[in-house]
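Q: I'd like to go over a predicted model; first the sequence, then the structure.
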Amino acid sequence: MAVPPTAAQHSASMQTYFREGEQRAQQIGNRGPVKLGSDGKLHPDILEAFLVHGFYVFEGLVNEDEIALLRTEIERLIDRAPVGKDASADAKGRPAYGQEFAQPIYSFVKPLSDPWGGTELLSGRHPVQMTQPAPDASAPDEVVHLIGGMCQTTDPGLRLYGHPLLLTIAEAINGDDFVPFNDATFVKLPGLGGSVAWHQDGVTHWDSPDWDPGIHGFNFQVQLYPATSANCLWVIPGSHKEGRADIKALVASNDGSELLPTAIPLTCNAGDVTIANRQILHCSFANTSPNIRVAMTFGFHRRSSVLGASGALTQKAADVYDEKRVFERSRVIAVAIDARAQHYPDEPRYIYQPFAGLEDEFRWSQETYERVIKDYNLQDLSI
Ligand SMILES: O=C(O)CCC(=O)C(=O)O
């Protein structure tokens, strides 16, 4: 087996690819502030740009104060994480956070490793393993890679889920009866963060007679820190329209290299929000840079894609998504909207059509935390 590069060698070897990718990204553009039409809906030019390229970068969508609150919370969650998968104490020996949730909220990786590439995990959708640089000798055995459950672990996370602009974008893409998918906060610690091998997210609908480029929904990523080409998400523009990609063949025809030649980095400033079609081919590399990236990632689907579908990814195939299940998971949106309205009373409140008229049943309170929010992610709608 080839000797893995050191972190420093890996970083040096990536620089030309990063610069070339940045140039390709600049040529495409596909970024700017969110724009609404006179009807209050997402401007059709942005929707069209998203449909063509499969991604868009909304610059400065979440304001600085809100980003500061989110950072404080995520820093707390990282600080209070168990030291590894099977641990119950944090690095300072305190009982780790999150033991009360039914589904573990933290996922870990070995520093700079690729946990999914070349494995059958997550429906085998990451067929090629990425380069896994050797971490420095001082690196811990495991580092936080993902934190789940943003709506139950932090109040600012719940409020972000009810952000009127984000929900207006979700409505434009998936219709006004859109439904949730799942969420995960990707944490790429400087010099330690693992990679996410090339993949497409969708699992269930590739062979559907109704297949189309939007059938597997899309994800938001809200960036809490600047995202650079060394730690950000890379995508292949337009690949969401071409069906299931043969990733092994793509890498093989690129001399076995994962540095695919048409990919671009979605570099961002803190507060920028990306949207990516879940069928777009995407990855992120081991973070051998000195900069952290934290991306709060949560997705939405068309109702028609989810109703009657069976569970995928972290959900069981025996889980069939009926009206009741979809309604129950969608309640999180209703509570999030109210939590946001209570905290930001001067901001316009998003009206979520499936819950219009039911607002009083889903006011944000300790009671709705227990009834709707706690362990909501057991009901994720993964396809
Ligand atoms: O943000 C990343 O590093 C990876 C995100 C990703 O692969 C996903 O959301 O499916």
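A: Yep, it's here.

Q: what's around the residue in the stretch 151-300 of the chain that the ligand sits nearest to, how many residues?
A: Closest residue of the stretch 151-300 of the chain to the ligand, C-beta to the nearest ligand atom: Ser284 (3.2 Å). All C-beta spots, glycine's among them, are computed from the backbone N, C-alpha and C. Residues near Ser284, counting by other C-beta atoms under 10 Å, number 24.

Q: Run through the bridge partners of it.
A: On the basis of DSSP bridges, Ser284 is bridged to Val196.

Q: pretty sure it contacts Val196?
A: Yes - at 4.8 Å, Ser284 counts as touching Val196 under the criterion of C-beta atoms under 8 Å.

Q: in stretch 339-356, what counts as buried?
A: For stretch 339-356, the buried set under the neighbour-count rule, 16 or more other C-beta atoms under 10 Å, comprises 339-341, 343, 349-350, 352, 354-355.

Q: Most widely separated two among those?
A: Farthest-apart pair in the buried residues of stretch 339-356 is His343 and Pro354; separation 22.7 Å (C-beta to C-beta).

Q: which parts of the stretch 51-200 of the chain sit against the ligand?
A: 186, 196 (C-beta under 6 Å from any ligand atom).

Q: Mind jotting down where the helices sit in the stretch 51-200 of the chain?
A: Listed in chain order, the helices of the stretch 51-200 of the chain (DSSP state H, counting those that start in this stretch) span residues 64-79, 121-124, 150-153, 155-161, 164-174.

Q: Mind giving me the packing neighbours of the fourth one?
A: Other helices and strands packing on helix 155-161, by 3 or more C-beta pairs under 8 Å, 6 or more residues apart in numbering; DSSP states H and E, are helix 64-79, helix 150-153, strand 293-301, helix 323-343.

Q: End to end on stretch 307-315, go ahead and measure it.
A: Start and end residues of stretch 307-315 are separated by 15 Å (C-alpha to C-alpha, to the nearest Å).

Q: Report the mean per-residue pLDDT for it.
A: The average pLDDT within stretch 307-315 is 80.

Q: List the buried residues of it.
A: 307, 309, 311-313, 315.

Q: Same question for stretch 72-89.
A: Residues of stretch 72-89 classed as buried: 73-74, 77-78, 80-83 (neighbour count, 16+ other C-beta under 10 Å).

Q: what does stretch 324-339 give?
A: Buried, per 16+ other C-beta under 10 Å, within stretch 324-339: 325-326, 329-339.

Q: Kindly export that stretch (C-alpha atoms) in PDB.
A: Extracted C-alpha coordinates of stretch 324-339, given in PDB (Å, rounded to 0.1, in the frame of the first residue of the first chain):
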ATOM      1  CA  LYS A 324     -48.800  10.800   9.400                       C
ATOM      2  CA  ARG A 325     -45.100  10.400   9.400                       C
ATOM      3  CA  VAL A 326     -44.600  13.300   7.000                       C
ATOM      4  CA  PHE A 327     -46.900  15.500   9.100                       C
ATOM      5  CA  GLU A 328     -45.100  14.600  12.300                       C
ATOM      6  CA  ARG A 329     -41.600  15.400  11.000                       C
ATOM      7  CA  SER A 330     -42.900  18.600   9.300                       C
ATOM      8  CA  ARG A 331     -44.100  19.900  12.700                       C
ATOM      9  CA  VAL A 332     -40.500  20.900  13.400                       C
ATOM     10  CA  ILE A 333     -40.800  23.500  10.700                       C
ATOM     11  CA  ALA A 334     -43.900  24.900  12.300                       C
ATOM     12  CA  VAL A 335     -42.300  25.100  15.800                       C
ATOM     13  CA  ALA A 336     -39.100  26.600  14.300                       C
ATOM     14  CA  ILE A 337     -41.000  29.300  12.600                       C
ATOM     15  CA  ASP A 338     -42.600  30.200  15.900                       C
ATOM     16  CA  ALA A 339     -39.400  30.100  17.900                       C
END
